[in-house]
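Novice: pasting the sequence and the predicted coordinates here, then a few questions.
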Amino acid sequence: AQSVAQPEDQVNVAEGNPLTVKCTYSVSGNPYLFWYVQYPNRGLQFLLKYITGDNLVKGSYGFEAEFNKSQTSFHLKKPSALVSDSALYFCAVSREAGYSTLTFGKGTMLLVSP
Amino acid sequence: GAGVSQSPSNKVTEKGKDVELRCDPISGHTALYWYRQRLGQGLEFLIYFQGNSAPDKSGLPSDRFSAERTGESVSTLTIQRTQQEDSAVYLCASSRTSASTDTQYFGPGTRLTVL
């Protein structure tokens, strides 16, 4: 069975500093990896995904993520955090064969202080 | 263009009542998914529709839960005899196809509270 771990319930960072939100996964076969963001009382918004190719994926709002196959990780990064980036971030995985259903991590709350 | 819409946005019901939640996917999207998000938890898959194929119901937690979809349009999720543990946000998503590489786009969710 596939699974996703987000080891940090919360990440605190000062505005202007770089941020990293961690994600590791377990899946048989090649993984397809996604990051979503959820603002209060809103649905999930798609940020970026890794399917194949370049391990560094760039997405919306200046976010990027690095796929590391040997470490089975897909950490979300941003060079300079904004207060408006404060939200709940979810990592998700689907696998190459068959299922398109996403398996989600429990989410990481990102708090950016002014 | 229009995104995924869900109604109602909030639903408060009494234990034992039936509720019906609605999802309008993005036009042209053939795949539709329902997920449940409990407080402090990630999303749990409930059910998946692809075109006119039989739905994948493997995530439904009990036979009190059912869902229908009319062709490639509206879907309704029905919860019968609601229990307090059904309280959650129910999220609907759609994607252009059912391919694992396709992005799922989510609606704003329906917050269900069972008293």
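Specialist: Thanks, I have the structure now. Residues are numbered from 1 along each chain as shown, chains lettered A, B, ... in the order given.
Novice: which other helices and strands contact the worst-scoring helix or strand of chain B on mean pLDDT?
Specialist: Ranked by mean pLDDT, DSSP states H and E, the weakest helix or strand in chain B is strand B:43-50, scoring a mean of 92. For strand B:43-50, the packing partners by 3 or more CB pairs under 8 Å, 6 or more residues apart in numbering or on different chains; DSSP states H and E come out as strand B:31-37, strand B:65-69, strand B:75-79. Quick note: C-beta positions are derived from backbone N, CA and C, even for glycine.
Novice: which residues touch that strand?
Specialist: A:44, A:90, A:92, A:100-104, B:30-38, B:55-61, B:65, B:67, B:69, B:75, B:77, B:90-91, B:98 (CB atoms under 8 Å, 6 or more residues apart in numbering or on different chains).
Novice: residue A:15 contacts residue A:78, correct?
Specialist: No. If you go by CB atoms under 8 Å, residue A:15 and residue A:78 don't touch, sitting 11.3 Å apart.
Novice: number of nearby residues for residue B:16?
Specialist: When neighbours are defined as other CB atoms under 10 Å in any protein chain shown, residue B:16 has 10 of them.
Novice: how far away is it from residue B:87?
Specialist: Using CB to CB, to the nearest Å, residue B:16 is found at 14 Å from residue B:87.
Novice: now swap in residue B:65 and tell me
Specialist: To residue B:87, residue B:65 is 14 Å away according to CB to CB.
Novice: what residues are bridge-paired with residue A:104?
Specialist: residue A:92 (DSSP bridges).
Novice: enumerate every residue touching it.
Specialist: Residue A:104 touches A:4, A:90, A:91, A:92, B:35, B:42, B:43, counting by CB under 8 Å, 6+ apart.
Novice: residues near the nearest residue to the first one once chain neighbours are set aside, how many?
Specialist: Nearest in space to residue A:4, with sequence neighbours left out and distances taken as CB to CB, 6 or more residues apart in numbering or on different chains, is residue A:105 at 4.0 Å. Each residue near residue A:105 was counted by other CB under 10 Å, and the total is 23.
Novice: do residue B:80 as well
Specialist: Residue B:80: 14 neighbours (other CB under 10 Å).
Novice: was I right about residue B:78 contacting residue B:60?
Specialist: No. With contact defined as CB under 8 Å, residue B:78 does not count as touching residue B:60 (10.8 Å).
Novice: show me which residues of chain B sit near chain A.
Specialist: B:4, B:6, B:31, B:33, B:35, B:40-43, B:45, B:48, B:56, B:59, B:91, B:93, B:95, B:98-109 (CB under 8 Å from any CB of the partner chain).
Novice: out of those residues, which sit inside strands?
Specialist: Of the residues of chain B next to chain A, the ones assigned to strands by DSSP state E are B:6, B:31, B:33, B:35, B:43, B:45, B:48, B:91, B:93, B:95, B:105, B:106.
Novice: with neighbour count added, can I get the residues you listed in CSV?
Specialist: Output for these, formatted as CSV (neighbours: other CB atoms under 10 Å in any protein chain shown):
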residue, neighbour count
B:6, 22
B:31, 22
B:33, 27
B:35, 25
B:43, 27
B:45, 18
B:48, 23
B:91, 25
B:93, 26
B:95, 22
B:105, 20
B:106, 22
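Novice: ok, those vs residue A:59, which is closest?
Specialist: Taking CB to CB as the measure, residue A:59 sits nearest to residue B:105 out of those, at 14.4 Å.
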